[in-house]
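[1] Pasted the sequence and its predicted model underneath.
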Amino acid sequence: MPAQIDIGPVDPRLRDLLAPGGVMRAGTNLSNFLLVTGKSDAGEPVGVSPDMARCFADCLGVAVAYVTYPSPGPLADAAANDAWDIGLIGAEPQRARMIAFTPPYVEIEASYLVRDEAPFETPQAIDAPGRRIAVTGRTAYALWLENNLRHAELVYAGDFDDALTLFRDAGLDALAGLRSRLVTDARAMPGTRILPGRFMAVQQAIGVPIARAEALPLVARFVKAARDGGLVAALIEKHGVHDLRVAEPD
């Protein structure tokens, strides 16, 4: 683990708000393979986002307990149920109704997989009447597409493997996903290609339930120090996930 960073004095009241009883519960999305790359011998998630939670807990002087979810949708829903104290999740406007977000600490490019013969040369060209896009429901990039597409239709799947099957077997025009995963699938599926560029970048942040938004400036202070001071870059190097990009300073 890279060295703990210094976020300055911590208000004990905010510490208690984020870690009742001295334990901070970190809601963790297991489906993001760039941010959660495995499990420890003790069964805890391993990766950049679990390490971020642990480093923040160290700054607060508390323990961390991981509350894991198979995908981001259930994690976001649990914000209303006092199931976690901080959430490691992409920041999107729909989620901001329940979750207050820090600035991002990493960005993850999202693009489209299409067939070689498809007429598209840019991600923007797919947003046309009659075009259909396979997408994993409730992911950050799916939420972005819901807000920004004007003409193309989204066809939802429960997970990425099902979305890939929809694209392959149902004659859909494109598969939306994180670029690093699409690279793997393009290699395994001859006759497909990834469009250059991106339609968005997932802004991975740390969230707190709206009911605890008073503590957000403290969490944001940690995120900015970790991002701008080299901790995030060190964690990316530690876990070998070079498809992650450190988010730009504010």
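    Here it is on my side, so go on. Computed from a prediction, not measured in an experiment: that's the story for all the values here.

[2] Would you confirm that residue 208 contacts residue 82?
    No. Using CB atoms under 8 Å, residue 208 makes no contact with residue 82, being 11.7 Å away. Any C-beta I mention is one placed from the backbone N, CA and C, and that applies to glycine too.

[3] Among these two, which residue is more densely surrounded?
    residue 208 (24 against 12; other CB atoms under 10 Å).

[4] Sheet partners, orientation included, of the strand or helix carrying that one?
    Element membership of residue 208, judged by DSSP states H and E, is strand 200-209. Using DSSP bridges, the strands paired with strand 200-209 are strand 86-90 (antiparallel), strand 99-101 (antiparallel), strand 106-115 (antiparallel).

[5] Can I get the first one in CSV, CA atoms only?
    Provided in CSV are the C-alpha atoms of strand 86-90 (Å, rounded to 0.1, in the frame of the first residue of the first chain):
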residue,chain,number,x,y,z
ILE,A,86,-19.0,6.0,1.5
GLY,A,87,-19.7,4.6,-1.9
LEU,A,88,-17.1,3.8,-4.6
ILE,A,89,-19.1,4.5,-7.7
GLY,A,90,-19.2,6.6,-10.9
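
[6] what sits up against it?
    Contact partners of strand 86-90, identified using CB atoms under 8 Å, 6 or more residues apart in numbering, comprise 18, 24-29, 35, 49-50, 52-53, 56, 72, 75-76, 79, 95, 99, 139-140, 202-209, 219.

[7] how about 7 Å then?
    By CB atoms under 7 Å, 6 or more residues apart in numbering, the residues outside strand 86-90 that reach it are 18, 24, 26-29, 49, 52-53, 72, 75-76, 79, 95, 99, 140, 202-204, 206-208, 219.

[8] ok, now the second one?
    The contact list for strand 99-101 (CB under 7 Å, 6+ apart) reads 76, 79, 87, 91, 205, 207, 208, 209, 210, 213, 216.

[9] Repeat that for stretch 33-50.
    Under CB under 7 Å, 6+ apart, the answer for stretch 33-50 is 28, 30, 66, 68, 88, 106, 108, 178, 180, 204, 235-236, 239, 241, 243-244.

[10] before we move on, the earlier item: just the buried residues of the contacts of strand 99-101.
    For those, a neighbour count by 16 or more other CB atoms under 10 Å gives the buried set as 76, 79, 87, 91, 205, 207, 208, 209, 216.

[11] How much space separates the residue nearest in space to the middle of the chain from residue 225?
    Geometric centre of the chain, nearest residue: residue 90, 3.9 Å, by CA atoms, centre = their mean. Separation of residue 90 from residue 225 (CB to CB, to the nearest Å) stands at 21 Å.

[12] hang on, the earlier thing: any chance you could list what contacts the strand holding residue 208?
    Contacts of strand 200-209 (CB under 7 Å, 6+ apart): 35, 52, 79, 86-91, 98-110, 140-141, 144, 215-216, 219, 223, 247.
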